[in-house]
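K.L.:
show me how the following folds:
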Amino acid sequence: MDATAHELSASRTLWDLVARRAELTPDRPVFLQGDRRLSFGGLRARAERVAAGLHGMGVRPGTVVAWQLPTRTETAVLSFALARLGAVQSPVIPFYRDREVGFALRESRAEFFAVPGVWRGFDHTELARRLGAKGIFEAYDELPDGDPGVLPAPPAEGTSVRWIYWTSGTTSDPKGVLHTDRSLIAGGSCLAHALRLTADDVGSMAFPYAHIAGPDYTVMLLLYGFPAVMFEQFALPDALPEYRRHGVTVAGGSTAFYSMFLAEQRKRPGVPVIPSLRLLAGGGAPKPPEVYHAVVREMGVQLTHGYGMTEVPMITMGAPDDTAENLATTEGRPPEGMEIRIAEGGEVRLRGEAVCQGYLDPAQSAAAFDEEGFLRTGDLGRVTATGHLVLTGRLKDVIIRKGENISAKEIEDLLAAHPAVADAAVVGLPDAERGELVCAVVEQPPGAAVLTLPAVVSYLRAAGLSVHKLPERLEVVDALPRNETLRKVLKYKLRERFSEAPAPAPASGSSTPGS
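P.N.:
Numbers count the residues shown, from 1 in each chain. So this is what the prediction gives:
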């Protein structure tokens, strides 16, 4: 991290960071979207006017304001306006509907709710009214406006809880994760430090701004003074002209995004899909080593992958100058100030400024931290001699077959290298004899020959997988179920779907390998 970025990373609050960057480079762009360009100075000035408008509506320091808005310049401006006031923000992913939105509004006790009106054919204003939300206002094209002269002084400290982010609920309700300005600045600083970016770079936001990655990425822009292209709706190949038009140098999001870029590259091998691109970066989901090697080999760009979660937006990150082995097989190293402890049983535990303050529910907070203040992540891993973190699975993702622990991730990484596999998820399914059986669920690329269980078992045997870990069931699906943020595979849906139906009888010549 250069000297200026390092100095800025000590900012007390997010508004302090915005103001200081605006003083340094007021005319440089921060957000690019279509033909629109917002500078750092413009961000500060417009956010102050919006803050004044919100103040006129009754928003004060500590007022809880929920917002469910797409990835737009206006969304970022509104968020920083709320930061200027010291309000408590509760961002809600725009794809969420009655259950999740209603839960977030009730649990956060939001006094205001900003929505985009009708967006992508769905009436968010009607949803808000149906749920009985308070203080509903639309914030898509137009934002509240006022005279900044009426504003109180900005927040003086950044250690109070001013953010409530929501974990993506699976079979239970989401959890409200409590963050401070300082925890978000610390997380973004980790990302900025690892990626070795400069003021000449051009980034991209292809994920929901309401995701924890929104402030994580924006902090990086503010620290280094470079812009990002915002995508309100992201799909390939439709988004490629915007990447090319703005000369994006850094793209990504998560493993699913890497695979999407690879698929586009394979349409015209040897012709760079984005000529200016030099780095893919992301996190939020496991990355098989073969994906790293394929990106470097076929796209001719570097790939760095990291580890983060709603509770800790950035924990570790691969660095572009790291070894190929570490970039392919690890999640990178933690920054200064992030403590990683591997507890008995292999669980990864964390302590540091980027760690959340806990949850809205005090009981959940009490269970989340150990006696020394380390956050229990639920992830399993180990730290190498060079300080790199290797994730080996999740506590709930360990398949226990006849008393033996099996890592789903180990099998998934091997399947990812199979030419007839586009993506794979491995889950444990209830089994009366074994406790759990190993089920591999795969997507196949267009034109691939249909996979069979014997073929998969043969391939994994040849790759050196132990016999007791071999899948006993194979399901081929058109598409794995994913969330709408970083397109993480929702394994609980696979368990629900395939636990309901008994496994078919083995085909002729097949077997249940580990029985």
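K.L.:
which helices and strands sit right next to the helix or strand where residue 79 lies?
P.N.:
Using DSSP states H and E, residue 79 sits within helix 73-85. Helix 73-85 makes packing contacts with helix 14-24, strand 29-33, strand 36-39, helix 40-57, strand 64-67, strand 88-91, helix 213-224 when contacts are defined by 3 or more CB pairs under 8 Å, 6 or more residues apart in numbering; DSSP states H and E. C-beta: built from backbone N, CA, C; applies to glycine.
K.L.:
how about those in CSV, adding mean pLDDT?
P.N.:
What follows is those, written out as CSV (pLDDT from 0 to 100):
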stretch, mean pLDDT
helix 14-24, 98
strand 29-33, 98
strand 36-39, 98
helix 40-57, 98
strand 64-67, 98
strand 88-91, 98
helix 213-224, 94
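K.L.:
and the ones you listed: which comes nearest residue 101?
P.N.:
Minimum separation from residue 101 across those (CB to CB) falls at strand 64-67, 8.4 Å.
K.L.:
paired strands for the closest one, with orientation please.
P.N.:
strand 88-91 (parallel), strand 112-115 (parallel) (DSSP bridges).
K.L.:
quickly compare the ones you listed and say which is most buried.
P.N.:
Per-stretch averages of neighbours, counted by mean count of other CB atoms under 10 Å, single out strand 112-115 among these, with a mean of 26.
K.L.:
what pLDDT, on average, does that strand get?
P.N.:
Regarding strand 112-115, the rounded mean pLDDT is 98.
K.L.:
again, but for stretch 156-175
P.N.:
For stretch 156-175, mean pLDDT is 83.
K.L.:
quick check: buried residues in the helix or strand bottoming out on mean pLDDT in the chain?
P.N.:
Every helix and strand in the chain was compared by mean pLDDT, DSSP states H and E; the lowest is strand 404-407, with a mean of 77. Across strand 404-407, burial judged by 16 or more other CB atoms under 10 Å covers 406-407.
K.L.:
what's the spatially most central residue of the chain in contact with, if anything?
P.N.:
Among the residues of the chain, the one closest to the centroid is residue 284, at 4.3 Å (CA atoms, centre = their mean). Each residue near residue 284 by CB atoms under 8 Å, 6 or more residues apart in numbering is listed here: 213, 253-255, 308, 485-486, 488.
K.L.:
again, but for residue 90
P.N.:
Residue 90 is in contact with 64-67, 104, 108, 110, 163-166, 176, counting by CB under 8 Å, 6+ apart.
K.L.:
equivalent analysis for residue 96, please.
P.N.:
Contacts here follow CB under 8 Å, 6+ apart; on that basis residue 96 touches 68, 104.
K.L.:
I'd say residue 395 and residue 376 touch.
P.N.:
No - using CB atoms under 8 Å, residue 395 is not in contact with residue 376; the gap is 9.1 Å.
K.L.:
skipping its backbone neighbours, what lies nearest residue 257 in space?
P.N.:
residue 282 (6.1 Å; CB to CB, 6 or more residues apart in numbering).
K.L.:
quick one: neighbours of that neighbour, just the number.
P.N.:
Each residue near residue 282 was counted by other CB atoms under 10 Å, and the total is 24.
K.L.:
sorry, back to before: would you mind giving the helices and strands packed on helix 73-85 as CSV with distance to residue 370 added?
P.N.:
Converted to CSV, these look like this (distance: least, CB to CB, whole Å):
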stretch, distance to residue 370
helix 14-24, 29
strand 29-33, 39
strand 36-39, 43
helix 40-57, 39
strand 64-67, 30
strand 88-91, 27
helix 213-224, 25
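K.L.:
closest one to residue 147 among the ones you listed?
P.N.:
For residue 147, the closest of the helices and strands packed on helix 73-85 is helix 40-57, at 5.5 Å, according to CB to CB.
K.L.:
for residue 443, see how far away the residue nearest to the centre of the chain is.
P.N.:
Going from residue 284 to residue 443 by CB to CB, to the nearest Å gives 18 Å.
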